[in-house]
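Enquirer: My questions are about this predicted structure, shown below with the sequence.
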Amino acid sequence: MPGASPSCAGQAAEDHALELLRGHGLQLLTRNWRCKGGELDLVMLDADTVVFVEVRYRLHANFGGALGSIDGRKQKRLALAASLFLQNEPRWANHPCRFDVIALQGQGHGGEPLQWLKNAFEC
């Protein structure tokens, strides 16, 4: 992604993540769901489980890279957004839920495969 703006790079990372998840049989419920507390990049359905997917792209591995950017504060914001999503979409409220993280790193993802951490953290 030479010369790509951060938002374009982030969008490309989300596109790549969505393609991978669909390839593993997950269905997209919504993308870039926004609320006062933040945003959910991808909300997917894996069988009967609602999966809140945070897509992280970093050009460099500085400060822990893409995976290291999911700190406790970020986890709390994601949990709050997920809770608000379930309140606004009650048909999913009784389904099991999990938080996944997909991390991509490097320019054009550096030829490295993305990392998919299922059930990356508990809330």
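Expert: The structure has been received and is ready for your questions.
Enquirer: all contacts plus neighbour counts: C-alpha atoms, from now on.
Expert: Fine.
Enquirer: can you confirm K118 is in a strand?
Expert: Yes: assessed with DSSP: H, G, I helix; E, B strand; the rest coil, K118 lies in a strand.
Enquirer: contacting residues for it?
Expert: K118 makes contact with 98-101, according to C-alpha atoms under 8 Å, 6 or more residues apart in numbering.
Enquirer: Recalculate using a threshold of 7 Å.
Expert: Residues near K118 by C-alpha atoms under 7 Å, 6 or more residues apart in numbering: 99-101.
Enquirer: will you turn those into CSV that also has distance to G38, neighbour count and secondary structure?
Expert: Putting these into CSV (distance: C-alpha to C-alpha, whole Å; neighbours: other C-alpha atoms under 10 Å; DSSP: H, G, I helix; E, B strand; the rest coil) gives the following:
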residue, distance to G38, neighbour count, secondary structure
F99, 15, 21, strand
D100, 16, 20, strand
V101, 16, 22, strand
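Enquirer: So which of the residues you listed is the closest to V55?
Expert: V101 (5.9 Å; C-alpha to C-alpha).
Enquirer: what about the closest one, distance to R91?
Expert: Using C-alpha to C-alpha, to the nearest Å, V101 is found at 24 Å from R91.
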